[in-house]
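> Let's see this in three dimensions:
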Amino acid sequence: MKQRGEKITMLTAYDYPTAQMLDASGVHCLLVGDSLGMVVQGHDTTIPVTLEQMIYHGEIVARGAKRAMVIVDLPFPVGQINVTHTVKAAAKILKQTQCQAVKMEGGHQQADSIAALVDAGIPTIAHIGLRPQSVHAIGGYRVQRDADRLMKDALAAQSAGAFCVLMECVPSELAQQVTQSLNVPTIGIGAGPHCDGQVLVTNDLLGWNGGNVPKFVRKYAQLQQQAKEAIEGYCRDVQNGDFPAPKESF
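Take a look at the predicted model:
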């Protein structure tokens, strides 16, 4: 697709019905992200998410996807302990979820782990730029503007065997330079239009989350408001005795 200039679509999925819907809608890749810690579990960061939780969500998403590639995140600190631990954890994910690939945060510092994963037959995506698992070390969620660091990470990940590089919160021109320098595709989130593909959190684009969403999100629906109105209608009908009606009774 990169060679043909065709854009790649990726969205997050954390459950079976969402995976079914995204798969039927033509999304190319479903990412079971550790973002579930914030989107599903209500944490402030992704750090509390465990390997067992990623396997649980990955398994039910993979069951709902008949066509799309399913990628599961390696949660903190799986990729930060040692290479052997990383490979064992990734192999466990691949074996128990039936996904097709894993995603690992890091670039040149994690190159040995990426290479070991690939050598073990585990397709791997590298995640560079803003890395949510390192949010405390980098001082919060902010745009990453270190061009030398970003390019070094991207090239190291590609050399180690990553089949794709995801870039988060990177200036558009810088993301374009990285994309043009790599043979493997890039997926952007808050990285401008020049990446080979894009990923968003599905709950954000559907307007299913409350509160503010990042600048890079485009809301394609307002499902939370629609659902709220539907539930208020249900409560009203029950309290007024209008539900269930004869047609809804035995």
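
> residue contacts, residue 215?
Residue 215 is in contact with residue 190, counting by C-beta atoms under 8 Å, 6 or more residues apart in numbering. From N, CA and C alone the C-beta is placed, and that goes for glycine too.

> wait, I meant residue 13
19, 22, 30, 31, 32, 61, 64, 65, 70, 202.

> and with 7 Å instead?
Contacts of residue 13 were listed using C-beta atoms under 7 Å, 6 or more residues apart in numbering, and they are 19, 22, 30, 32, 61, 202.

> Other residues contacting the strand or helix carrying the third one?
Residue 30 is part of strand 29-32, with elements assigned from DSSP states H and E. Contacts of strand 29-32 with the rest of the structure, by C-beta under 7 Å, 6+ apart, involve 8, 10-14, 19, 22, 54, 57-58, 61, 65, 68-73, 103, 199.

> quick one: the helices in this protein?
16-24, 36-39, 51-64, 83-97, 111-119, 135-138, 147-160, 172-181, 202-205, 223-240 (DSSP state H).

> The ones you listed: lowest mean pLDDT?
Mean pLDDT is lowest for helix 135-138 out of the helices of the chain, coming in at a mean of 69.

> and the contacts of strand 29-32, which of them are in strands?
8, 10, 11, 12, 69, 70, 71, 72, 73, 103, 199 (DSSP state E).

> give the contact list for the last one.
Taking C-beta under 7 Å, 6+ apart as the contact definition, residue 199 lies against 10, 11, 31, 166, 187, 189.

> Turn the residues you listed into CSV, columns for neighbour count, distance to residue 129 and pLDDT.
CSV is the format used below for the contacts of residue 199 (neighbours: other C-beta atoms under 10 Å; distance: C-beta to C-beta, whole Å; pLDDT from 0 to 100):
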residue, neighbour count, distance to residue 129, pLDDT
10, 25, 15, 98
11, 25, 19, 98
31, 30, 15, 98
166, 26, 8, 98
187, 27, 11, 98
189, 26, 9, 97
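
> neighbours around residue 53, how many?
17 (other C-beta atoms under 10 Å).

> For the residue nearest to residue 59 when sequence neighbours are not counted, give its distance to residue 54.
Spatial nearest neighbour of residue 59, chain neighbours left out: residue 97 (4.5 Å); criterion: C-beta to C-beta, 6 or more residues apart in numbering. Noted for residue 97: a distance of 8 Å to residue 54, by C-beta to C-beta, to the nearest Å.

> higher neighbour count, the two?
residue 54 (27 against 22).

> one step back: I'd like the helices of the chain as JSON lines, with distance to residue 212 appended.
Formatted as JSON lines, these follow (distance: least, C-beta to C-beta, whole Å):
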{"stretch": "helix 16-24", "distance to residue 212": "22"}
{"stretch": "helix 36-39", "distance to residue 212": "13"}
{"stretch": "helix 51-64", "distance to residue 212": "24"}
{"stretch": "helix 83-97", "distance to residue 212": "32"}
{"stretch": "helix 111-119", "distance to residue 212": "34"}
{"stretch": "helix 135-138", "distance to residue 212": "17"}
{"stretch": "helix 147-160", "distance to residue 212": "26"}
{"stretch": "helix 172-181", "distance to residue 212": "22"}
{"stretch": "helix 202-205", "distance to residue 212": "10"}
{"stretch": "helix 223-240", "distance to residue 212": "13"}
